[in-house]
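**Q** Sequence first, predicted model second:
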Amino acid sequence: AAFMELWRDNPVLVKELRVRMRGSRAFWLILGYVGAIAFVLFMQYSVWYRHATSAGGGFSGASKIGRDFFYGLISAQALLVVLIAPAITAGAITIEREQRTLDMMALTRISPGSIVIGKLLSSIGFVLVLIISSLPLASICFFLGGISPDEVLRWYLLLILGSFLCGTIGLAWSSCSKSTSLSVAATYCSLFFPVVIAYITLMAMFGRIQTSMSDDYLCLMCGFGLFGIVDPGMPLGTPGAFMKYFDQSHFYMLHLPFWLPSTICFIIAGFALASIAASRVSASPESRAKWPRLFVALFFVAEMFFYLGARFCVYFANAPLTASSSIANSSPIIILAYPTFILLMLIPIFSTGELSQDDITHPKTTLKSGWSRGWFKRATIGTGLPYLCLLTALVSLMYIGSFALIGQPGRANTSSIVLKNGTVTNLPSKEALLSEAQPFGSTPPIQTMVGSPNSRFLSGPTTLVNVVVAMFATTVGLYFLGYTLSAVTRNRWVSMGLSYGFVCFTMIAPVICRAMFDPMSGAGPNILINLAYLNPLMSISESAYRPDVFWSGLPLLFGHTPIWILTVLGYTGISSLCCWILAILSHKSKADIAVRKNMSYDESLS
């Protein structure tokens, strides 16, 4: 009912729809959209026609080309949606701010949620018109055959949801930025890097996964499935057929439609971004943190449910054989890499902010206030630490609870799990494998393991407690780093950018140093390779992989010392250093306040 009130009789929505469809600009955009897609289909047809005539085999493969045409149509539309949807919403709020009409809207009885919903629905409605205008071209593919109505509906649903998510990203940046140009640049940057990274990774995987599955990309593939990239309808002969091994329709004991997990994740993520925009439009954004934080927590719950469910479905009778043969023998703890990565991307958002003078003068009071009653509804920097700890605990508890759902709660800390056919993946211990580990640069011996020959994953205890401790230490350390940067720079965006730079550098630099290291040259690796100790994903990887696989070609400073220990020590040192800097800033702030009081007292006497 509350949501219905946001769009029913919404004056912002009515005004935006009327303005958007007036003039010739909207119709020229529709013409350009359809023309671009028609050009892509024409180029595909030309290539197919030349190939068919030169081969001399006739046109009997029309059904196959119909399917190829359709996927070309969807790919072109997906690219256009990513380009168009953010451009429409990225200036929705900033234009009102630049024209100085946002304050006038705030004086009316229209709520911030109604303003955001009106802007969003009008923008997504126009993108929906663009997507629907391509249906006649999709009918050509349907006429050629090879495409079912279910596939057309499924892919068009994903296009609409994708436009919704891209639109909310632009709207969120528009509510945070001071100018339209800055909002547009930030929106496309936030979309550019994930798309490029996903594309490069997929292209790299296509080259490696032609004959068999590679366990290295377990987390990545399942994560892609939550965002609609997996298509179990693909035939085995096409690129991307490897996705069939990670069935995204079976979750624990449930068999869900393929499109449902991605739909739920798109909607929750979009609502989270829209609620952030609504809180920023409000006159007091610090008191409207409930809905953004609730949707972010729901996003974690949905991601973990579908992600863990796709992995643990192999322990139930309704699991597909492909999933059982490929996922069951991998270490369960490797799954924690995906939610941990998302958590790392969220920490700078909740650990930075605009600090008041009191937050710098009395940091202890600010931190204590974050743990007081009602902290979940307040968007102060002091409440960031308990919320981040809540997300970290949520990830850990859902992982442990997933073992209870498969009826094996006592095995959450081991790699020995009973499969549905009664087989136990009971493998050699970690210590035994450590004794057999080879020197750097040599070829490790082939280990034959139960159910998975030549498996790269670790057997025996996975030390889940160690991984969880490393995750909490990372969360606390990065929080204090963001708090300190906010106190030093006095600018949220600068401190957030520096925090993201630190996180990305600690994740990327060791990978580059490891790739450039040549053990045959006799020279040591670059010292930056030791930043791997500050990456909690390395603790998860060490606990999941066999030692001879994990440590091969990874010459860190402290040898084979467990990485989780150094991760905890490293982030404990960062937290201590940040507390020391905050104490200095607090002492300096108190001294400045005392000096100003003395000066004002002297002036009053004079």
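**A** Received, thanks. Numbering: from 1, shown residues only.
**Q** Does Arg373 belong to a helix, a strand or coil?
**A** Arg373 falls in the coil class when you classify it by DSSP: H, G, I helix; E, B strand; the rest coil.
**Q** now it: how far from Thr383?
**A** In this view, Arg373 and Thr383 are 11 Å apart by CB to CB, to the nearest Å. C-beta coordinates here come from the backbone N, C-alpha and C atoms, glycine included.
**Q** Ser586 against Asp359, yeah?
**A** No. Counting by CB atoms under 8 Å, Ser586 stays clear of Asp359, with 9.8 Å between them.
**Q** neighbour count winner among Arg373 and Thr383?
**A** Thr383 (25 against 6; other CB atoms under 10 Å).
**Q** pretty sure that one is in a helix, no?
**A** Yes. Counting by three-state DSSP, one finds Thr383 located in a helix.
**Q** show me the contacts for it.
**A** Shown in contact with Thr383 (CB atoms under 8 Å, 6 or more residues apart in numbering): 289, 369-370, 375-376.
**Q** again, but for Pro285
**A** Contacts of Pro285 (CB under 8 Å, 6+ apart): 279, 379.
**Q** In this model Ser282 seems to touch Arg288, though I could be wrong.
**A** Yes. The criterion here is CB under 8 Å, and Arg288 meets it with Ser282 at 5.1 Å.
**Q** Which neighbours do the two have in common?
**A** The contact lists of Arg288 and Ser282 share Pro112, where a contact means CB under 8 Å, 6+ apart.
**Q** do you know how far Leu397 is from Pro339?
**A** If you measure Leu397 against Pro339 using CB to CB, the figure is 12 Å.
**Q** So for those two, which residue has more residues nearby?
**A** It is Pro339, of Leu397 and Pro339, that has more neighbours when counted by other CB under 10 Å, with 24 against 12.
**Q** Report all helices and strands that the strand or helix carrying that one contacts.
**A** Taking DSSP states H and E as the criterion, Pro339 maps to helix 337-351. If you count contacts as 3 or more CB pairs under 8 Å, 6 or more residues apart in numbering; DSSP states H and E, helix 337-351 packs onto helix 218-225, helix 290-312, helix 384-405, helix 464-489, helix 492-516, helix 536-544.
**Q** looking at those, which is buried most?
**A** By mean neighbour count, with neighbours taken as mean count of other CB atoms under 10 Å, helix 536-544 ranks first of these at a mean of 26.
**Q** For the helix or strand following it, name the packing helices and strands.
**A** Later in the chain than helix 536-544, the nearest helix or strand by DSSP H and E is helix 547-550. Where contact means 3+ CB pairs under 8 Å, 6+ apart, helix 547-550 is packed against helix 430-435.
**Q** burial of Ser275, as a residue count?
**A** A count of neighbours around Ser275, defined by other CB under 10 Å, yields 24.
**Q** Of Arg288 and Ser282, which one has the most company?
**A** Arg288 (21 against 18).
**Q** got the contact list for that one?
**A** Applying CB under 8 Å, 6+ apart to Arg288 gives the contacts 112, 278-279, 282, 379.
**Q** Next: Ile268.
**A** Taking CB under 8 Å, 6+ apart, we find Ile268 in contact with 295, 298-299, 302.
**Q** Need the contacts of Arg288 in TSV (columns: secondary structure, distance to Pro332 and pLDDT).
**A** Below are those laid out as TSV (DSSP: H, G, I helix; E, B strand; the rest coil; distance: CB to CB, whole Å; pLDDT from 0 to 100):
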residue	secondary structure	distance to Pro332	pLDDT
Pro112	helix	43	82
Ala278	helix	38	87
Ser279	helix	37	86
Ser282	coil	43	80
Ala379	coil	36	83
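**Q** pretty sure Cys389 is in contact with Leu478, am I right?
**A** No. Between Cys389 and Leu478 no contact is recorded; they are 11.9 Å apart, counting by CB under 8 Å.
**Q** how long is stretch 281-301 end to end?
**A** Stretch 281-301 has an end-to-end distance of 27 Å (CA to CA, to the nearest Å).
**Q** Could you do stretch 357-365 as well?
**A** End-to-end for stretch 357-365, by CA to CA: 12 Å.
**Q** List the contacts of it.
**A** Stretch 357-365 has contacts (CB under 8 Å, 6+ apart) with 366, 381-382, 483, 487, 582-583, 585-586, 589-590, 593.
**Q** can you pull the contacts of Leu128?
**A** Contacts of Leu128 by CB under 8 Å, 6+ apart are 160, 163.
**Q** Next up, identify which helix or strand it is on.
**A** helix 112-132.
**Q** buried set for the helix or strand immediately after that helix in the chain?
**A** Later in the chain than helix 112-132, the nearest helix or strand by DSSP H and E is helix 135-144. Within helix 135-144, the residues that count as buried by 16 or more other CB atoms under 10 Å are 137-138, 141-142, 144.
**Q** Only C-alpha atoms, please: export stretch 148-163 in PDB.
**A** This file holds the C-alpha atoms of stretch 148-163, laid out as PDB (Å, rounded to 0.1, in the frame of the first residue of the first chain):
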ATOM      1  CA  SER A 148      10.800 -20.500 -28.400                       C
ATOM      2  CA  PRO A 149       8.300 -17.900 -27.000                       C
ATOM      3  CA  ASP A 150       9.700 -18.700 -23.500                       C
ATOM      4  CA  GLU A 151      13.100 -17.600 -24.500                       C
ATOM      5  CA  VAL A 152      11.900 -14.400 -26.000                       C
ATOM      6  CA  LEU A 153       9.900 -13.500 -22.900                       C
ATOM      7  CA  ARG A 154      12.800 -14.500 -20.600                       C
ATOM      8  CA  TRP A 155      15.400 -12.400 -22.400                       C
ATOM      9  CA  TYR A 156      13.100  -9.400 -22.800                       C
ATOM     10  CA  LEU A 157      12.300  -9.600 -19.100                       C
ATOM     11  CA  LEU A 158      16.100  -9.500 -18.300                       C
ATOM     12  CA  LEU A 159      16.500  -6.500 -20.600                       C
ATOM     13  CA  ILE A 160      13.700  -4.600 -18.700                       C
ATOM     14  CA  LEU A 161      15.200  -5.500 -15.400                       C
ATOM     15  CA  GLY A 162      18.700  -4.600 -16.600                       C
ATOM     16  CA  SER A 163      17.300  -1.200 -17.700                       C
END
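**Q** can you pick the most crowded of the contacts of Thr383?
**A** Ala289 (22 neighbours).
**Q** quick one: contacts for the closest residue to that residue other than its chain neighbours?
**A** Ranked by CB to CB, 6 or more residues apart in numbering and with sequence neighbours excluded, the top spatial neighbour of Ala289 is Ala379, at 3.6 Å. By CB under 8 Å, 6+ apart, Ala379 lies in contact with 279, 285-289, 292, 353.
**Q** Equivalent analysis for Phe271, please.
**A** 168, 295.
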